[in-house]
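Engineer: Quick check, what structure comes out for this input:
(2 chains)
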Amino acid sequence: NAGVTQTPKFQVLKTGQSMTLQCAQDMNHNSMYWYRQDPGMGLRLIYYSASEGTTDKGEVPNGYNVSRLNKREFSLRLESAAPSQTSVYFCASVTHYEQYFGPGTRLTVT
Amino acid sequence: KNEVEQSPQNLTAQEGEFITINCSYSVGISALHWLQQHPGGGIVSLFMLSSGKKKHGRLIATINIQEKHSSLHITASHPRDSAVYICAVTNTGNQFYFGTGTSLTVIP
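Structural biologist: Model (predicted):
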C-alpha cells in the first residue's frame, strides 16, 4: 500500500517545453487534487477531480491541463512551461475531508 | 484576503518548551486540519477536527467554532518537531483553504 505516489520528484524545463506530472493512489478514493506550493504562500489548488471522468478548475488553473485517466491516476500537464510555473507540485487523494499527500514534484522552469 | 490566517509565521523554541501555534479562519467550515511538512519533505495530516479537542502523543489540537479559531500545542518540544505546520479548513462546499504555515525550529 504505497498511498499517493508522484513522478518525477525533480524536473528542470526550459521555457516553452511541455511535460506531464503523474500521480497515482491506491486507496480507492474518488477525489484527487493538484496543488502548487510557492514560498510565502499557502497551497493553492490548480485542478481537482471529484470522481473518475470529471475535472474542475481550482484557484490557479491557467497554463495547466489535467486528465483523470482512471480512478487511480490523475495527471497534470504543462503544455508550454513558463518561469512562473516554477514551484513544488503536490497531488492529494481525498476522502471524507481527509487529504493524503504525495511526496511532491519540484519543478524549475528556466 | 486569506481565508485562513496563522500566527506566528516563524517560531524558535528551546527543547522542552511548550509551543502554541494559532489559526483563525473566516469561512464556514465542516472541518479544520493541521498538517506537518518537514524540510524538503512531504505533507502529513496530523489532525482533523470539527469541534473540541484532539490529542496524539505530545500534540494537542483545539478548536473554538464560535470564535473561528484553532490552536496546535506541542508539549515537551523536541528538535525533531522542527517543521512547517499548516492550518487548513474545509468549507461547507468541500473546498480546502490553506494557511501559509508556521515554521517551527526547536533548538537542542
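
Engineer: sec struct for the one residue in chain A that gets nearest to chain B, please.
Structural biologist: The minimum distance from chain A to chain B, using CB to the nearest CB, falls at A:G42 (3.6 Å). The way it works is simple: take the backbone N, C-alpha and C, and place the C-beta from them, glycine included. Going by DSSP: H, G, I helix; E, B strand; the rest coil, the secondary structure assigned to A:G42 is coil.

Engineer: That one: how many residues sit nearby?
Structural biologist: By the measure other CB atoms under 10 Å in any protein chain shown, the count of residues near A:G42 is 20.

Engineer: List the contacts of it.
Structural biologist: Listed by CB atoms under 8 Å, 6 or more residues apart in numbering or on different chains, the contact set of A:G42 reads B:N2, B:V4, B:I86, B:A88, B:Y97, B:F98, B:G99, B:T100, B:G101.

Engineer: ok, which of these also contact chain A?
Structural biologist: B:N2, B:V4, B:I86, B:A88, B:Y97, B:F98, B:G99, B:T100, B:G101 (CB under 8 Å from any CB of the partner chain).

Engineer: pLDDT-wise, what's the bottom of those residues?
Structural biologist: When the ones next to chain A among the contacts of A:G42 are compared by pLDDT, B:N2 scores lowest at 81.

Engineer: That one against B:G99, yeah?
Structural biologist: Yes. At 7.2 Å, B:N2 and B:G99 qualify as touching, with contact defined as CB atoms under 8 Å.

Engineer: More neighbours: which of the two?
Structural biologist: Ranked by neighbour count (other CB under 10 Å), B:N2 and B:G99 place B:G99 first, with 26 against 14.

Engineer: any idea how far that one lies from A:G53?
Structural biologist: B:G99 sits 32 Å away from A:G53, going by CB to CB, to the nearest Å.

Engineer: residues contacting the residue nearest to the spatial centre of chain A?
Structural biologist: Taking CA atoms, centre = their mean as the criterion, A:W34 is the residue nearest the geometric centre of chain A, at 3.3 Å. Shown in contact with A:W34 (CB under 8 Å, 6+ apart): A:21, A:23, A:45-48, A:58, A:64, A:66, A:74, A:76, A:89-92.

Engineer: At which residues are the strands of the chain located?
Structural biologist: Using chain A. For chain A, the strands defined by DSSP state E occupy A:4-7, A:10-13, A:19-25, A:31-37, A:44-49, A:56-57, A:64-68, A:74-78, A:87-95, A:98-101, A:105-109.

Engineer: Sorry, I should have been clearer: chain B.
Structural biologist: Counting by DSSP E, chain B has these strands, from start to end: B:4-7, B:10-14, B:19-25, B:29-37, B:43-49, B:52-56, B:59-64, B:69-74, B:83-91, B:96-98, B:102-107.
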